[in-house]
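J.: When you get a sec, could you give me coordinates for this:
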Amino acid sequence: MMNRCCIKIARQTTKTAIVDTVKLLPIAGTLSQTSYFQNSYSGRHRLYGCTSSSALPMKAGTELKTLGIFKGQDTPITLERSEYPNWINTLSQPLASLATLRKIPNEEAELDQIKRYLKLTRRQAVRQRNEESAS
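T.: From the prediction side, this is the model:
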């Protein structure tokens, strides 16, 4: 059922239709708080989602029933924010765009920023070549 719903969602064109379809899934409590965007590039439909920041914080000790997938083990329980590693806090921050990365001088750029810059420039070059060959 999950695969069929995802395919159906990817073929919808309006945001309201996507949200209505998502509510049919068994884990609709978390997906209904998610905004979905589509990108159709060269005829393929891709489904992108991002969780709103208001849905992220949970009280410590909250049982995550949808993540209890192993037999014979208890369902996971959320911990205090301080008990998680520091890098988890960076996951909610948006990644730098190509325009932002171009403004950073090479001497001041960190390794992660350089890697992201190279990744985005390669992606842009591939898209330009694909557009030129399609024309």
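
J.: and P76, how many neighbours?
T.: For P76, the count of nearby residues is 15 (other Cβ atoms under 10 Å). (Each C-beta comes from the backbone N, C-alpha and C, glycine too.)

J.: who's in contact with it?
T.: 63-64, 67-68 (Cβ atoms under 8 Å, 6 or more residues apart in numbering).

J.: Which members of the residues you listed define the maximum pairwise distance?
T.: Largest separation among these by Cβ to Cβ: E63 and L67, giving 9.2 Å.

J.: Helices along this structure, start to end?
T.: For the chain, applying DSSP state H gives helices covering 2-11, 15-22, 28-31, 98-103, 111-134.

J.: picking that back up, just give me the closest of the contacts of P76 to L98.
T.: Taking those together and measuring to L98 by Cβ to Cβ, the closest member is L67, at 34.6 Å.

J.: mind pulling up the phi and psi values for the residue nearest to that closest one when sequence neighbours are not counted?
T.: Sequence neighbours aside, P76 is the residue nearest to L67 in space, at 5.0 Å (criterion: Cβ to Cβ, 6 or more residues apart in numbering). Main-chain torsions, P76, degrees, to the nearest 10: phi -70, psi 150.

J.: For V126, see how far away P76 is.
T.: 39 Å (Cβ to Cβ, to the nearest Å).

J.: Repeat that for S97.
T.: 17 Å.

J.: so who does L101 touch?
T.: L101 makes contacts with 109, 113, 116-117, 120, as judged by Cβ under 8 Å, 6+ apart.

J.: repeat that for 7 Å
T.: 113, 116-117, 120 (Cβ atoms under 7 Å, 6 or more residues apart in numbering).
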